[in-house]
Structure formats: C-alpha cells, structure tokens
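Trainee: Build me a structure from this.
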Amino acid sequence: MNHAFASAVAMFAALISAASLHAETPAQIAADSATLARIRVAAMSSDWPWQRLQELTDRIGPRLSGSPQQAAAITQVAAAMRALGARVTLQSAKVPHWVRGEERAELVDYPGRPEGVTQRLHLTALGGSSATPAAGLKARVIMVRDFEELHVRAGEIRGNIVLFESRFDQRLADNGKSGTAYEQAGEYRFRGPAEAASLGAAAALVRSIGGADFRLPHTGTTIWQDKQAPIPAAALASEDADLIVRLAAHGPITMKLLLTPETLPDADSFNVIADWPGSELPNEYVVVSGHLDSWDLGQGATDDGVGVIGAAGVIQVLQQLKLHARRTIRFIGWTNEENGGRGSKAYFDSIGKAMDTQCAAIESDDGAGRALGILAAVTKESLVNLQPPIQALAPIGATILEAREGEVGADIAALQAAGVPGFAPWVDARHYFDYHHTAADTLDKVDPVNLQSQVATMAVLAYYLADRPACLPRVR
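Mentor: Numbering: from 1, shown residues only. Purely as a prediction, here's the structure:
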C-alpha cells in the first residue's frame, strides 16, 4: 500500500467514524428493510416502464421543445400518470422553438485535390445555430485545438470557418468518469461558437462529443453571449474532423457549408407533475424526475426516455404495492431541459418562499446503463443515514454510495443551490456518449433489465427519503 493510498483510506475511515456519530437508531428510521425489499422486488418484476418507454419512443419519437412530438409526449405521460391514480398538474412554461432545417457540407478545395473532386462531410447543426446564406457559405477552415490557440490566431478568424478539434476522452469514460469527459470536450460546444463569433468568424464547427466513431454527428446546445448575434454552428463527425486534421497538415482547406435552421417564437409547453400523496405530511415533497424533451435526431430513448419513464415507474411501483410514505412523492417530467431549462425555472419560481416543503430531489439523466448505486449531494453527516436504501439495493448490485458536490442533475440544480439535498441513480455510463444526441439514440440501446434497476434504485430511495421522520439536513 503506497503512502497516498494509505492516507486516502485513513481519511475515508475518519469521515465514516465522524458520520457515525450522527447515525440514526432503528427507531428513528421509518421505512423498514422489508418494505424497501418489497419495493425493489416489485420494480424488478414490472414491465410497466418498458411498455411506456416503447410508447414514448416508437409512437412519438424525438421530442424537441416546441415540437408537436413534445406536446404529444406531455399528453401521453400525463394520461399514464392519471391512470395510476396520481394527482396530475400541468405546469406551464414558455419554451424555445428552434427547428433544424437542411444541413450539408463539403470540402471544395484542399492540397492535392484532383480536378472536379469534392468530399462530402457528415455534420449536424447545434441548437441555437443561425442559418448560412441561402446559397451556402464558402470559406477557409481555421482549425484550433483550444481557446488559447483561437485567440493567438485571432487575425485569421474573421470571415472564415473555425473548427474546434477537441477530443472526447474515452479513457475517462471507461474508468467511470464519462461526465468529466463530456464536460471537458463539451466546453468547446457550449462556448466555442460564441468565442469564434466574437472574433468575426463566419461559422463555427466542433468535433462531435462522443466516444464511438460511427460517423455519427452529435448535436447539442450552444450558448451565445448576451445580445450576441448567433452564427452558423454545427458538430462534425469525428472521422470527418480527423480528415480535416490530416489534410490541413499539407495546406489551406476550403469548405462549403449550408445550414438552414430557424428560431421561431417561443412555444407553450408544460412540466408534467404527478403527486403520490403522503399519509402524514402531504405538503412536503420528495421529487423524482427526468426530462420529457429530447433532441430531434433519434428517438430520445437514452436521453432521457429512460430517465423520465424510470421516474414515472416509481409511482407505478408504489401504486401496485398500495404504499404511501409520510410525505408526498412528486414525479416531474421536465420540459425543455435540452435547450433552455425553462421547465426547471418554472418549477423553481412556483416554489417561491415554500422551499422548505421540498425535502429532497432526485433526477435521472445519465443514460440507460445498469444502476450501480446512488449519487448523493448531501451533508457529510447525512451519508451514514443513507445506508438502509443501499442495503435494500444490494441484491441487484446497486451498492455504491458516492458523495457528490454540486449539481447531480440539470433540472434540480436550482433546488440544490437553495439547499435541497440532491440525488441521482449512479449508472454505468461508459458507453452513454456513444449515442448521446445522435440519430442512434433509439430504443434498441435500452436493456429492459437495466431500466428496471434504475426504477428500483429511485423507488427505494424516494420512499425511504419520503418516509423518514425528518428530512435530511439542508446542504449549505
């Protein structure tokens, strides 16, 4: 055992020892192990979530905010929750309405190009992109590795197309850090087009954020600076980004780009809220949630059909077992997570001064992998008091309890910032970003047993948190 590892072990032991001083006695824990086991078994035996996910993906498909498909999904999920006997509310929110249009690109000049030859590229517009001129845009490609190089080469940017050649680190994903890999490469999608626009770029491209090279472009939102006019922006398939890297080593490259997206007036939409009433404290809530919208290329099965239907499955399990915890368990199917977060804002604004009614918030938005345990953004002292749900989930192998600082879900981030303890299923996400935001995000990527494991994890955790004598302490 090396010194660093020994120090880490000692630190962890001290943390657990200190937390044990705050451990609750069995009399203080309401949800007994037998009840939690019943919930786990029922969730692992139910095909209700799989049937609902099939309906969502196969009958409706992609659900971009403002689209008829998103409206249909809201209606469908609300009806399913009413059929369970939950108290359903549709909470209104105005959402962005961006539509993709046509997208084409080709290399029209590069060193060694045979006469009359061009090369077609695979790309897809980023959410919030503007359109090129109707006849397309032809310009030189300026390839940069990072923001530092972008600014070093500022004199070359105006009127040209910038390509950010930042790679997704699959090694991190393979070692359980897919979120970190996404954040690192994603910075260039989130901020890159705005940075390029500020230097006068005619358009901006990013290498697709994902771990598999199937010539699949990955879409996603990009963020413009305040009062900044958007420019055409798109994600390029990894193989085509590699092609440009190889050709650029020999000299200048010219691309012709055509994108025709439109930003329409904001549309009416809704969060689907379904309450499973508490037996003693019905006006206190444990939120369990996922987002109903998706990008428009695939079926939105893994992002976030699994999450939102898995969260809905929590209510179905409790309805099947006729169980009501002390507090109300509140399902929320969020609208507009992908390109605006307007649903989350609408809910947070509706809470107002009643934030103390929000006991805990759970969000599932990390793909369709098997549940491995629980991510918990709680006080250090609270960790030891989360052992009962972990013990109840041991038979399905969901035994990891990992403390997490900061947000564990985009839609519950505002609640967390206000001190509400936040949770998410800890899932196997090693290959989540193979299909994330692509045309390959389809139902066949979902294993029904993995879906059941996520429902079981959320149901056991939600019931345990809702049935406790007191909410866990606020996180400050």
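
Trainee: what secondary structure does the residue lying closest to residue 37 once chain neighbours are set aside sit in?
Mentor: Spatial nearest neighbour of residue 37, excluding adjacent residues (C-beta to C-beta, 6 or more residues apart in numbering): residue 392 at 5.7 Å. Using the backbone N, CA and C atoms, a C-beta is placed for each residue, glycine as well. Here residue 392 takes the helix state, with states given by DSSP: H, G, I helix; E, B strand; the rest coil.

Trainee: OK, contacts around residue 392?
Mentor: 33, 36, 37, 39, 40, 460, 464 (C-beta atoms under 8 Å, 6 or more residues apart in numbering).

Trainee: now swap in residue 86 and tell me
Mentor: Contacts of residue 86 by C-beta under 8 Å, 6+ apart are 274, 275, 276, 315, 319, 331.

Trainee: how about JSON lines for these, with distance to residue 404 and neighbour count added?
Mentor: Putting the contacts of residue 86 into JSON lines (distance: C-beta to C-beta, whole Å; neighbours: other C-beta atoms under 10 Å) gives the following:
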{"residue": "274", "distance to residue 404": "27", "neighbour count": "24"}
{"residue": "275", "distance to residue 404": "27", "neighbour count": "18"}
{"residue": "276", "distance to residue 404": "26", "neighbour count": "28"}
{"residue": "315", "distance to residue 404": "25", "neighbour count": "24"}
{"residue": "319", "distance to residue 404": "30", "neighbour count": "17"}
{"residue": "331", "distance to residue 404": "22", "neighbour count": "27"}
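
Trainee: In strands only, show me those residues.
Mentor: 274, 275, 276, 331 (DSSP state E).

Trainee: picking up where we left off before, ChimeraX command for the buried members of the contacts of residue 392?
Mentor: To isolate the buried members of the contacts of residue 392 in ChimeraX, using 16 or more other C-beta atoms under 10 Å:
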select :36,37,39,40,460,464
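
Trainee: domain parsing for this structure?
Mentor: Domain assignment for the chain, taken from automatic domain parsing, gives 28-96+265-467, 101-260.

Trainee: what about the shortest one, start to end distance?
Mentor: Domain 101-260 stretches 5 Å from its first residue to its last (C-alpha to C-alpha, to the nearest Å).

Trainee: just to revisit the earlier point, show the pLDDT at the residue nearest to residue 37.
Mentor: Residue 392 is assigned 98 on the pLDDT scale.

Trainee: now do residue 40
Mentor: 98.

Trainee: quick one: contacts for it?
Mentor: 392, 393, 395, 396, 456, 459, 460.

Trainee: What segments of this structure are helices?
Mentor: 3-20, 33-45, 48-54, 68-83, 147-152, 170-174, 178-190, 192-198, 238-248, 306-321, 342-351, 387-393, 413-417, 448-467 (DSSP state H).

Trainee: for the fifth one, packing partners?
Mentor: The one in question is helix 147-152. Where contact means 3 or more C-beta pairs under 8 Å, 6 or more residues apart in numbering; DSSP states H and E, helix 147-152 is packed against helix 192-198.

Trainee: which one is residue 429 nearest to, not counting chain neighbours?
Mentor: For residue 429, the closest residue by C-beta to C-beta, 6+ apart turns out to be residue 178, at 4.3 Å.

Trainee: actually residue 187, not the one I typed
Mentor: In space, residue 187 is closest to residue 166, 7.6 Å off (C-beta to C-beta, 6+ apart).

Trainee: go on, residue 252?
Mentor: Spatial nearest neighbour of residue 252, excluding adjacent residues (C-beta to C-beta, 6+ apart): residue 140 at 5.7 Å.

Trainee: what residues are up against that neighbour?
Mentor: The neighbours of residue 140, taking C-beta under 8 Å, 6+ apart as the test, are 160, 161, 252, 253, 254, 255.

Trainee: of all those residues, which comes closest to residue 336?
Mentor: Among those, residue 161 lies closest to residue 336 (C-beta to C-beta), at 29.6 Å.

Trainee: ok, the closest one touching residue 206?
Mentor: No: Residue 161 is beyond contact range of residue 206, at 11.5 Å (criterion: C-beta atoms under 8 Å).

Trainee: Counting neighbours around each, name which of these two comes out higher.
Mentor: Using other C-beta atoms under 10 Å as the criterion, residue 161 and residue 206 rank with residue 206 on top: 30 against 27.

Trainee: Surely that one and residue 191 touch.
Mentor: No: counting by C-beta under 8 Å, residue 206 sits too far from residue 191 to count as a contact (10.1 Å).

Trainee: quick one: contacts for residue 109?
Mentor: 252, 253, 254.

Trainee: swap the cut-off to 7 Å and go again
Mentor: By C-beta atoms under 7 Å, 6 or more residues apart in numbering, the residues touching residue 109 are residue 254.

Trainee: Let me see the contact set for residue 327.
Mentor: 278, 281, 284, 285, 286, 359, 466.
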